[in-house]
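Trainee: the sequence and its predicted three-dimensional model are supplied below.
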Amino acid sequence: MTELNHGCGGAGCTCSAPGSGNGTGACGGAADGCSCGSVPAEIEDNEELAAALVRGGEQAQATRRTFLASMAAAAGTAAVAGTGCSTTLTWEQFSQKHYKELTPEDKKKVIARVERQARERYGVDVSVSDPQPTPGIEFAYALNLSYCIGCRRCEYACPVENNTSRDPEMHYIRVLQIDKGTMSIEESESYYEGAVPAKDKYYMPVQCHQCDHPPCVRACPVSATWKEKDGVVVVDYDWCIGCRYCEAACPYWARRFNFAEPALHPSEINPKQGMLSNRIRPVGVVEKCTFCLHRTREGRYPACLEVCPTGSRKFGNLLDPNSEVRRIIETKRIYVFKEELGTIPRFYYFFD
Amino acid sequence: MRQRTQQTVREPRVDRWQRTLAGVLGSVARCSRLAALPLLAALCGVSMGACGVQQHEAGSAHTDASLAPAGARVAQVTVPPRTPQIAAFPCVEQCHKDRKPNPEKRPLKEFHSLKHIEHGDTTFWCNFCHNDDNLDSLRLLDGRLATFDEAYRLCGECHGDKRRDWQAGIHGLQTGGWDSRRETVRRSCTACHDPHAPRRPSFQALPPPMRPRGEK
């Protein structure tokens, strides 16, 4: 944990994550910072962090009560909580509508707030865009299992593009090392090291499959996640309550939860951000791979594809008969992961 | 035809008879596209509503299929030149002005440090691919010449399946853009494979991810 996490005078707000509902930290509004600031800033070890998270859960009740009390005091007029805390819940945020109900003016305000918060918390100027799906385009991804060598370049290119937390580490892509001649995911290994490809092994990177029937969307109790018209499943980070039902529902282990406020060094932040994709997430919300929609909706390839040294990753428009993915689907041997679940993924593995 | 394929891919819940109906209507639409489109949309809507089949979420694009697909792949592919990265190029100017090509197989000692060519078993020698008369070019099997930037023409003569896939964008790394809005950059064969030893060397994997707490 770096000091960057803590905008409130050294006291960590991360402790309130599990119980803080909207992931906005539910600080009590006390002028001197967070009422939940019982975790010392010098937490460095993961085990200490774990203990802190548990303690935070126990305190959540009190925290929420304090928050509601301050809500009543403020009577919904101005900002509810005091300033200076990085995870302060402002009235602006609290009253923000669901992404789909935002008018263009509302969206501008939200984008302005997100950009302002990035400046306040990380000291970097970011530009947040909100590219929309184009009619006639549905994204699909194909990955060549015959060529992938499991070097994990994609796994590490993703956080750089998507501003995911570096500590605790968050990777959208998990590369499985599997024995040749089997398709046994249960016996696969995702913590392999050393030179790749290892003898008699093949590699299978797993990330969000952007299902056509996404179980995660059905599991969400507050509709904070949905499928866009181009097939990408997205999350409204301001609407997510952090219940993690979607994480449990996903058969591809594709969803990640922000247990702590994303730890990012200002130099690591990608300033070109999308509202539904790679903007810096608040603590306590779920996030996932979005096929880099801030890139792909502008016609670029996803970051994981461009970094692949073997060219195993292919991306394109499923509705365009001349696209690479269509050609792969029509001419190669396709493997749909967990096809029997009926999720109808947009992510196809193939052999060559 | 194209329309039907597209619908098969994206309309998994639409029944076969509806697809047939859509196909028939699509052919009508092709005859008088503009006039028939609203009719097509209306009829599809009515038929789906009547039998209670929930329309696909992206179903609004259902009728768009007969229109030109947005962002359709248009050939805007560039293959970056390789010669600037070959240190000894141009070969003739730098070394091979006066030397006569020696077709005899032998260990190369002077400049080329190749111990042996790990390509084509033991049958290959330099002049199998390089043009003896002008070493700045490659010679195809039928005697035509290719530049070093067009190595894919030479490689594709034996590896036709890979060449076909490469040309379709399936083999090898492509960067840039996936549709007509941006230029696609496609690497030539020799950007990834050493032509004298095409098997890719092994990589060092980046470190494994952090283990969840409690997992051993």
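Mentor: Nice, I can see it.
Trainee: burial of the closest residue to residue A:231 other than its chain neighbours, as a residue count?
Mentor: Excluding its sequence neighbours, the residue lying closest to residue A:231 (CB to CB, 6 or more residues apart in numbering or on different chains) is residue A:138, at 4.6 Å. (C-beta placed from N, C-alpha, C; glycine too.) Residue A:138 has 26 neighbours, counted by other CB atoms under 10 Å in any protein chain shown.
Trainee: again with residue A:206
Mentor: Neighbours of residue A:206 using other CB under 10 Å come to 20.
Trainee: flag the shaky bits of the chain, pLDDT-wise.
Mentor: You didn't say which chain, so I picked chain A. A:1-88 (pLDDT under 70).
Trainee: can you look at chain B instead?
Mentor: For chain B (pLDDT under 70), the answer is B:1-75, B:115, B:216.
Trainee: all helices for it, in order.
Mentor: With helices called from DSSP state H, chain B shows them at B:2-10, B:16-31, B:33-51, B:91-94, B:151-158, B:160-167, B:189-192.
Trainee: mind listing what's buried along the last one?
Mentor: Within helix B:189-192, the residues that qualify as buried by neighbour count (16 or more other CB atoms under 10 Å in any protein chain shown) are B:189-190.
Trainee: could you do the fifth one as well?
Mentor: Going by neighbour count (16+ other CB under 10 Å), the buried part of helix B:151-158 is B:151-156.
Trainee: and residue A:90, how far from residue A:113?
Mentor: 8 Å (CB to CB, to the nearest Å).
Trainee: cool, residue A:287 as well?
Mentor: 18 Å.
Trainee: which residue sits closest to the residue of the stretch 151-300 of chain A found nearest chain B in space, ignoring its chain neighbours?
Mentor: The nearest approach of the stretch 151-300 of chain A to chain B comes at residue A:299, 3.4 Å away (CB to the nearest CB). Leaving aside its sequence neighbours, residue A:299 sits nearest to residue B:181 (CB to CB, 6+ apart; 3.4 Å).
Trainee: quick one on the thing from earlier: among the buried residues of helix B:151-158, which one sits closest to chain A?
Mentor: Among the buried residues of helix B:151-158, and counting by CB to the nearest CB, the member closest to chain A is residue B:152, at 13.7 Å.
Trainee: what's near enough to touch the closest one?
Mentor: B:79, B:163, B:166, B:188-189 (CB atoms under 8 Å, 6 or more residues apart in numbering or on different chains).
Trainee: looking at the residues you listed, spot the one nearest chain A.
Mentor: residue B:166 (9.2 Å).
Trainee: nearest spatial neighbour of the closest one, chain-adjacent residues omitted?
Mentor: That would be residue B:172: by CB to CB, 6+ apart, it lies 5.4 Å from residue B:166.
Trainee: the residue nearest the centre of chain A pairs with what?
Mentor: Centrality entry for chain A: nearest residue to the mean C-alpha point is residue A:287, 2.5 Å, by CA atoms, centre = their mean. In this entry, residue A:287 is beta-bridged to residue A:256, by DSSP bridges.
Trainee: mind listing the strands for the stretch 101-250 of chain A?
Mentor: A:127-129, A:139-144, A:174-179, A:195-196, A:201-206, A:225-227, A:233-235 (DSSP state E, counting those that start in this stretch).
Trainee: so what's the residue count around residue A:215?
Mentor: 17.
Trainee: contacts only, for it.
Mentor: The contact partners of residue A:215, by CB under 8 Å, 6+ apart, come to A:249-251, A:341, A:343.
Trainee: redo those residues as JSON lines? Include neighbour count and distance to chain B.
Mentor: Shown next, in JSON lines, are the contacts of residue A:215 (neighbours: other CB atoms under 10 Å in any protein chain shown; distance: CB to the nearest CB, whole Å):
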{"residue": "A:249", "neighbour count": "15", "distance to chain B": "18"}
{"residue": "A:250", "neighbour count": "21", "distance to chain B": "16"}
{"residue": "A:251", "neighbour count": "15", "distance to chain B": "18"}
{"residue": "A:341", "neighbour count": "14", "distance to chain B": "14"}
{"residue": "A:343", "neighbour count": "21", "distance to chain B": "11"}
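Trainee: ok, so of those, who is nearest residue A:160?
Mentor: Lowest distance from residue A:160 to those (CB to CB) belongs to residue A:250, with 23.5 Å.
Trainee: what's around the nearest residue to the closest one once chain neighbours are set aside, how many residues?
Mentor: Closest residue to residue A:250 apart from its sequence neighbours, by CB to CB, 6+ apart: residue A:216 at 4.9 Å. Residues lying near residue A:216 (other CB under 10 Å) number 26.
Trainee: coming back round to it: turn the strands of the stretch 101-250 of chain A into TSV, columns for distance to residue B:126.
Mentor: Converted to TSV, the strands of the stretch 101-250 of chain A look like this (distance: least, CB to CB, whole Å):
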stretch	distance to residue B:126
strand A:127-129	53
strand A:139-144	32
strand A:174-179	40
strand A:195-196	31
strand A:201-206	35
strand A:225-227	57
strand A:233-235	54
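Trainee: the residue nearest to residue B:166 contacts residue B:185, correct?
Mentor: No: contact between residue B:172 and residue B:185 fails when scored by CB atoms under 8 Å: they sit 10.9 Å apart.
Trainee: of those two, who's got more company?
Mentor: Using other CB under 10 Å as the criterion, residue B:172 and residue B:185 rank with residue B:172 on top: 20 against 16.
Trainee: what's the distance between the residue lying closest to residue A:129 once chain neighbours are set aside and residue B:96?
Mentor: Leaving aside its sequence neighbours, residue A:129 sits nearest to residue A:274 (CB to CB, 6+ apart; 5.9 Å). Residue A:274 sits 53 Å away from residue B:96, going by CB to CB.
Trainee: which one of these two has more residues nearby?
Mentor: residue A:274 (21 against 17).
Trainee: which residues touch the more buried one?
Mentor: A:128-131, A:290, A:293-294.
Trainee: now, of these, which are buried?
Mentor: Using 16+ other CB under 10 Å, the buried members of these are A:128, A:130, A:290, A:293-294.
Trainee: for residue A:117, state which of the contacts of residue A:215 is nearest.
Mentor: residue A:250 (28.1 Å).
Trainee: ok, that closest one - contacts?
Mentor: Residue A:250 makes contacts with A:208, A:215-216, as judged by CB under 8 Å, 6+ apart.
Trainee: out of those residues, which sit inside helices?
Mentor: Those of the contacts of residue A:250 lying in helices (DSSP H): A:215-216.
Trainee: these two touch, right, residue A:269 and residue A:118?
Mentor: Yes: the criterion here is CB under 8 Å, and residue A:269 meets it with residue A:118 at 7.4 Å.
Trainee: the two - which one has more neighbours?
Mentor: Taking neighbours as other CB under 10 Å, residue A:269 and residue A:118 compare with residue A:118 leading, 23 against 19.
Trainee: just checking, that one touches residue A:278?
Mentor: No: in terms of CB under 8 Å, residue A:118 does not count as a neighbour of residue A:278; the distance is 11.6 Å.
Trainee: residues from the stretch 101-250 of chain A in reach of chain B?
Mentor: A:134-138, A:149-153, A:155-156, A:168-169, A:171, A:174, A:190-197, A:212, A:227, A:229-231 (CB under 8 Å from any CB of the partner chain).
Trainee: please indicate which of the residues you listed are buried?
Mentor: Here, 16+ other CB under 10 Å leaves A:134-138, A:149-153, A:155-156, A:168, A:171, A:174, A:190, A:192, A:196-197, A:212, A:227, A:229-231 buried among those.
Trainee: of those residues, which belong to helices?
Mentor: Short answer: these in helices (DSSP H) are A:153, A:155-156.
Trainee: turn these into a markdown table, including distance to residue B:129.
Mentor: Formatted as a markdown table, those follow (distance: CB to CB, whole Å):
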| residue | distance to residue B:129 |
| --- | --- |
| A:153 | 31 |
| A:155 | 37 |
| A:156 | 37 |
